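In: With the input below, show me the fold.
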Amino acid sequence: MVNQIKSPISILTNLEQNLKDTLHHILTSADFAQWADTQQWLFLEGEFRNDQSSTAQFLRELFTDINLQWECLIGQHHEKQLPSETVQFPSQWLTEWLTQIQSNKANKSAIMNNSTEKLINIHQRRLQILQEQKAAMGILTPPHIITEIEDIQQQISDLQNQLNSPSPTPTKPPTNSEIFISYAWGGESEELVDQIDGSAQNKDIKIIRDKRDAGYKTRIKEFMQRIGRGKAIIVVISKRYLESENCMFELIEIAKNGQFYDRIFPIVLKDANIYQPIERIKYIKYWEAKIQELDEAMKTVGAANMQGFREAIDLYTEIRKTIAQLADVIADMNTLTSDIHQKSDFEALFQAIERKMTT
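Out: Numbers count the residues shown, from 1 in each chain. Modelled structure (predicted):
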């Protein structure tokens with residue numbers, strides 16, 4: 001029986017599979033009813049009780065219906081003095097609930113397609129304006145206009161691919177088949193990553209690593225966002241990592257995509273010093289100083305054409321806001337020392353990743 005609880009979306013997927021398994025007698029009606037009762041509690045009194053998303057509301061109503069019908073079946077069997085283990089959901093009920101799920105998915109797809117088409121039209125209007133500006137200025141076209149044209153063209157292409165996809169998704173879910181590694185280049189960190197990478201290859205485990213898998217002219221930000229969506233991400237935490245805007249961008253992207261604790265597999269190097277609050281405060285001070293330094297530098301030049309600088313300030317500010325919480329989560333995990341990992345050829349690390357990849 002599928003029984004992994006992550007979010008309303010994953011519960012909906014689990015519900016669909018469990019209904020199919022019950023319909024084909026892979027799962028007993030009693031086991032399915034017990035699972036459904038647990039899920040109903042999550043939406044009525046548990047962690048999703050305040051979730052008003054369309055998926056949560058749909059599941060709240062459907063689980064209520066399933067559990068009411070089960071109670072009725074149990075009551076009928078008791079009246080007839082039949083053993084409770086003979087109670088089964090009628091196949092037409094199971095089929096009807098599956099039909100409701102399919103209908104719910106179809107309605108969401110139609111709504112999302114309409115929104116995607118509107119977004120494509122907005123991008124196309126902006127693209128037309130920029131292309132007219134480029135045509136008028138010719139070789140004097142500022143680089144930022146050319147860059148924006150390229151970005152919008154890519155966005156339109158991605159949206160059109162999404163629109164034409166048979167199963168479009170409104171969000172970017174974790175890429176369920178990919179294992180990434182996030183680390184700071186150079187020094188002990190990269191030496192350790194080389195060892196992890198070599199051990200993984202010996203075990204026929206594919207790890208996606210920037211220096212090997214981000215090809216020439218790959219958009220760095222997009223690659224880092226891809227890391228953030230990975231199902232399993234090995235994170236080598238060092239002082240250089242926590243003071244790197246690119247590394248911290250990757251860590252924040254992982255957190256933004258949810259299930260931060262479940263998807264990261266950290267190794268903390270000694271120089272990171274994250275296990276004492278007084279040491280973690282130093283990183284907050286570091287990023288506050290970076291914000292102030294860049295802010296003061298920006299005041300010495302004109303306000304026009306500051307693309308990239310304001311974005312950097314925003315990133316530094318986001319790092320300042322989140323680094324304490326993210327470091328605290330990692331500090332609370334038993335990540336083992338790098339020496340222990342190396343002596344065991346990273347056995348514990350790969351076993352944990354394997355368990356994650358098979359769920």
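
In: Setting aside sequence neighbours, what's the nearest residue to residue 307?
Out: Excluding its sequence neighbours, the residue lying closest to residue 307 (C-beta to C-beta, 6 or more residues apart in numbering) is residue 144, at 4.9 Å. All C-beta atoms are positioned from the backbone trio N, CA, C, and that covers glycine.

In: Now do the host helix or strand of that neighbour: distance to the chain's middle.
Out: Using DSSP states H and E, residue 144 sits within helix 143-164. When C-alpha coordinates are averaged (C-alpha atoms, centre = their mean, to the nearest Å), helix 143-164 and its chain have centres 23 Å apart.

In: Going along the chain, name the helices of the stretch 251-359 of the chain.
Out: 260-263, 277-298, 309-331, 338-343, 347-357 (DSSP state H, counting those that start in this stretch).

In: Now tabulate those in a markdown table and tack on distance to residue 86 and mean neighbour count.
Out: Shown next, in a markdown table, are these (distance: least, C-beta to C-beta, whole Å; neighbours: other C-beta atoms under 10 Å):
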| stretch | distance to residue 86 | mean neighbour count |
| --- | --- | --- |
| helix 260-263 | 39 | 15 |
| helix 277-298 | 59 | 14 |
| helix 309-331 | 48 | 16 |
| helix 338-343 | 53 | 15 |
| helix 347-357 | 37 | 15 |
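
In: before we move on, back to that, okay, buried residues for the helix holding residue 144 please.
Out: Of all the residues in helix 143-164, those buried under the rule 16 or more other C-beta atoms under 10 Å are 148-149, 152, 156, 159, 162.

In: average model confidence for that helix?
Out: For helix 143-164, the mean per-residue pLDDT is 80.

In: Also stretch 188-206?
Out: The model assigns stretch 188-206 a mean pLDDT of 94.

In: what's the answer for stretch 38-49, then?
Out: For stretch 38-49, the mean per-residue pLDDT is 86.

In: again with stretch 123-132
Out: Here the average pLDDT along stretch 123-132 is 84.

In: what about it, distance to the chain center?
Out: Distance of stretch 123-132 from its chain centroid, counting by C-alpha atoms, centre = their mean, is 31 Å.

In: Just the C-alphas of that stretch, formatted as CSV.
Out: Coordinates of each C-alpha in stretch 123-132 appear next as CSV, following Å, rounded to 0.1, in the frame of the first residue of the first chain:
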residue,chain,number,x,y,z
HIS,A,123,5.5,37.5,-22.8
GLN,A,124,5.0,37.9,-26.5
ARG,A,125,3.8,41.5,-26.2
ARG,A,126,6.9,42.3,-24.1
LEU,A,127,9.1,40.5,-26.6
GLN,A,128,7.6,42.5,-29.5
ILE,A,129,8.4,45.8,-27.8
LEU,A,130,12.0,44.8,-27.1
GLN,A,131,12.5,43.5,-30.6
GLU,A,132,11.3,46.8,-32.0
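
In: Now that stretch: buried residues?
Out: Buried, per 16+ other C-beta under 10 Å, within stretch 123-132: 123, 127, 130.

In: tell me the angle of the lengthiest helix in the chain relative to helix 143-164?
Out: Longest helix of the chain, by residue count under DSSP state H: helix 91-137. Angle, helix 91-137 to helix 143-164, by axes from the mean of the first three to the mean of the last three C-alpha atoms, to 10 degrees: 160 degrees.

In: closest one to residue 104 among the helices of the stretch 251-359 of the chain?
Out: Closest of these to residue 104 is helix 260-263, at 26.2 Å (criterion: C-beta to C-beta).

In: for the closest one, packing partners?
Out: Applying 3 or more C-beta pairs under 8 Å, 6 or more residues apart in numbering; DSSP states H and E, we find helix 260-263 packed against strand 230-237, helix 309-331.

In: And those, which one averages the lowest pLDDT?
Out: helix 309-331 (a mean of 91).

In: okay, the angle between it and helix 277-298?
Out: 180 degrees.

In: before we move on, what SS does residue 50 have?
Out: Look at residue 50: counting by DSSP: H, G, I helix; E, B strand; the rest coil, its state is coil.

In: so the residue nearest to residue 66 when sequence neighbours are not counted is in which element?
Out: For residue 66, ignoring the flanking residues on the chain, the nearest one in space by C-beta to C-beta, 6+ apart is residue 36 at 4.7 Å. Per DSSP H and E, residue 36 falls inside helix 29-44.

In: And for residue 178?
Out: strand 175-182.

In: So what's the model's average confidence on that strand?
Out: The average pLDDT within strand 175-182 is 77.

In: swap in stretch 288-298?
Out: For stretch 288-298, mean pLDDT is 92.

In: Using CSV, list the CA coordinates for that stretch.
Out: Listed next in CSV are the C-alpha coordinates belonging to stretch 288-298 (Å, rounded to 0.1, in the frame of the first residue of the first chain):
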residue,chain,number,x,y,z
GLU,A,288,24.9,41.9,6.8
ALA,A,289,28.3,43.3,6.0
LYS,A,290,28.0,42.1,2.3
ILE,A,291,24.6,43.9,2.1
GLN,A,292,26.0,47.1,3.5
GLU,A,293,29.1,47.0,1.3
LEU,A,294,27.2,46.6,-1.9
ASP,A,295,24.5,49.1,-0.9
GLU,A,296,27.1,51.7,-0.2
ALA,A,297,28.9,51.0,-3.5
MET,A,298,25.7,51.3,-5.5
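
In: you'd agree residue 271 is up against residue 236?
Out: No - if you go by C-beta atoms under 8 Å, residue 271 and residue 236 don't touch, sitting 11.5 Å apart.
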